[in-house]
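K.L.:
A predicted structure for the sequence below; I have some questions about it.
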Amino acid sequence: MNKSSIQEIRERFDKDVERFANLDTGQVATIDANISLELITEAAKRIVPNAKNILDVGCGAGNYTLKMLSKAPDLSCWLVDLSGNMLEKAMEQVSSQTSGTVSIFQADIRDVILPESSFDIILAGAVLHHLREDDDWERTFAKLFSLLKSGGCLMISDLITQDTETLNEYTWERYGDYLESVGGKEY
């Protein structure tokens with residue numbers, strides 16, 4: 001499978017901020033549907049009930065962070081994304097929902113310099129599928145674990161192959177329905 005380049009990813013998301021920022025028009029049939037956001041963030045809150053710092057990798061418009069803030073409104077939020085336009089939207093939305101600090105970084109998670117052992121919760125929603133080679137995966141996970149505090153949690157939600165055929169069929173059916181709703185049957 002040919003994967004998009006970093007530049008192609010950045011350009012695509014720079015052009016589609018409003019759709020992805022809106023849960024009614026974003027990928028509601030897949031991994032950033034409200035139910036996914038709810039499950040991931042509620043689990044994170046239960047695992048680290050006294051969390052102070054959250055890192056949202058590939059934050060897009062900040063949907064996962066916003067859902068997390070609905071459960072823990074005083075978090076300091078660190079947002080990383082390739083798209084400057086997405087980060088602007090995330091900053092706008094997230095800043096209005098937390099009394100904590102909000103820091104944004106337009107960068108690839110593999111390259112951005114962040115303080116090690118600093119994050120109670122790291123969210124990676126609909127972003128890791130953009131990794132390409134085994135080295136990308138290994139480097140990214142090593143980096144994420146180095147950033148995580150002891151006792152913290154890394155929550156990943158992505159479009160991947162499931163362990164059971166029943167879940168695979170359901171996931172790809174929902175994703176197919178979503179794609180068809182965006183661009184028709186041919187899309």
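P.N.:
Arrived safely, thanks for sending.
K.L.:
From the contact counts, what lies against the helix or strand of the chain with the lowest mean pLDDT?
P.N.:
Every helix and strand of the chain was ranked by mean pLDDT, DSSP states H and E. The lowest is helix 17-21, at a mean of 74. If you count contacts as 3 or more C-beta pairs under 8 Å, 6 or more residues apart in numbering; DSSP states H and E, helix 17-21 packs onto helix 84-95. C-betas here are computed from N, CA, C, even on glycine.
K.L.:
And the helix it packs on, how far out from the chain middle?
P.N.:
13 Å (C-alpha atoms, centre = their mean, to the nearest Å).
K.L.:
repeat for stretch 132-147
P.N.:
16 Å.
K.L.:
Kindly report the same for stretch 151-161.
P.N.:
On C-alpha atoms, centre = their mean, the centre of stretch 151-161 falls 9 Å from that of its chain.
K.L.:
now swap in stretch 50-58 and tell me
P.N.:
Distance, centroid of stretch 50-58 to centroid of chain: 11 Å (C-alpha atoms, centre = their mean).
K.L.:
now the end-to-end length of that stretch.
P.N.:
Stretch 50-58 has an end-to-end distance of 24 Å (C-alpha to C-alpha, to the nearest Å).
K.L.:
Next, the buried residues of it.
P.N.:
51, 53, 54, 55, 56, 57, 58 (16 or more other C-beta atoms under 10 Å).
K.L.:
Now the two most distant members of the residues you listed.
P.N.:
Across the buried residues of stretch 50-58, no pair lies farther apart than 51 and 58, at 19.4 Å, counting by C-beta to C-beta.
K.L.:
Output the longest helix belonging to this protein.
P.N.:
Longest helix in the chain by number of residues, with DSSP state H as the criterion: helix 165-183.
K.L.:
Many thanks, I have nothing further to ask.
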